[in-house]
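K.L.:
Let me see the structure of the following:
(one chain, ligands or ions: 1)
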Amino acid sequence: MNSDLANLIELQHADTEIARLKAEIAALPKRVAVIEEKLAGSKDRLDKAKAALKTDEANRRKYEGEIQNLRQKISKYRDQMLAVKTNQEYRALGTEVEFAEKEISGFEDKILETMIDVDDKNGDLKRAESDLKAHTAEIEKEKAEARSRTAEDEKALAEWSAKRDQYRSGVSAETLRHYDRVLTRRGSAIAEARDHKCSACQVMLRPQVYSDVMSNEQIIMCDSCNRILYFVPTVEADLANEEPRQLAPRPEADAAAQ
Ligand SMILES: [Zn+2]
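P.N.:
Residues are numbered from 1 along each chain as shown. Next comes the predicted model:
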């Protein structure tokens, strides 16, 4: 096999691995970021649940304080009622007492309202606490995995990069320039010729070109996509066996066998 071609096949393999590893290394922090976002969401829910319960508690104390004040007022009015001299004054104090009692009943309703959904709110709090705990454990695990995976990937990347340099040094400058140009434009720069076609762009190769490619002795480019073509003998043989109509007649071989 042409040595440029042999090195290019290895080079393409190295370039593919390098691209895969780089993509994986870049993707890992994003995976962690997604879980960190979930964690922030759980923290937020927990804070809100705590704040809601605290507000209820503060309101309840406030209403209880108001009720206390109103009760004291009522008791004062009642004392005054015992001491008044006119019916008019007595009725006026009676109205004040009624008014204060109505206010007390209003505050009692409000206290009930804060207590009605206290169970729901406690449930929210418990759920938020357990979610936060689960997400915290998950993120620690995920972060540890990401760290070790990144270290492995970086080691493999360094190994592949060294191999890549080695393969590149084994390819002539002109061929390498062509490889780099096509790789940048198309994402791959070499392609297997199979079944009389370029396996990358599927365009049929002229018989002479195909036969030259089959020898693997020259740098031959696909007319259509410009990728450098190579041939893998076993694949062609397997394909030929699957589709006997493509087999060339072998009368001599048959005759020799008999
Ligand atoms: Zn092609």
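K.L.:
OK, now which residue of the stretch 1-150 of the chain is nearest to the ion?
P.N.:
Nearest residue of the stretch 1-150 of the chain to the ion: Gln12, at 14.1 Å (CB to the ion). C-beta coordinates here come from the backbone N, C-alpha and C atoms, glycine included.
K.L.:
which residue sits closest to that residue, ignoring its sequence neighbours?
P.N.:
In space, and not counting its chain neighbours, Gln12 is closest to Ile190: 5.0 Å by CB to CB, 6 or more residues apart in numbering.
K.L.:
residues near the one you found, how many?
P.N.:
22 (other CB atoms under 10 Å).
K.L.:
So it sits against Leu229, correct?
P.N.:
Yes. Contact status for Ile190 versus Leu229: in contact at 7.4 Å, counting by CB atoms under 8 Å.
K.L.:
where does the spatially most central residue of the chain fall, helix, sheet strand or coil?
P.N.:
Nearest residue to the geometric centre of the chain (CA atoms, centre = their mean): Arg31, 4.5 Å. Judged by DSSP: H, G, I helix; E, B strand; the rest coil, the three-state class of Arg31 is helix.
K.L.:
contacting residues around it?
P.N.:
142, 146 (CB atoms under 8 Å, 6 or more residues apart in numbering).
K.L.:
Relative to Ala134, how far out is it?
P.N.:
17 Å (CB to CB, to the nearest Å).
K.L.:
same check, this time on Pro29
P.N.:
In terms of CB to CB, Pro29 sits 22 Å off from Ala134.
K.L.:
again with Tyr230
P.N.:
52 Å.
K.L.:
which is the next helix or strand following the longest strand along the chain?
P.N.:
Under DSSP state E, the strand in the chain containing the largest number of residues is strand 190-194. Under the assignment DSSP states H and E, the closest C-terminal helix or strand after strand 190-194 is strand 197-198.
K.L.:
quick revisit: alpha carbons only: can I get the longest strand of the chain in CSV?
P.N.:
Listed next in CSV are the C-alpha coordinates belonging to strand 190-194 (Å, rounded to 0.1, in the frame of the first residue of the first chain):
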residue,chain,number,x,y,z
ILE,A,190,-10.7,10.1,3.1
ALA,A,191,-13.3,7.6,2.0
GLU,A,192,-13.5,3.9,1.3
ALA,A,193,-14.3,3.0,-2.3
ARG,A,194,-16.9,0.2,-2.2
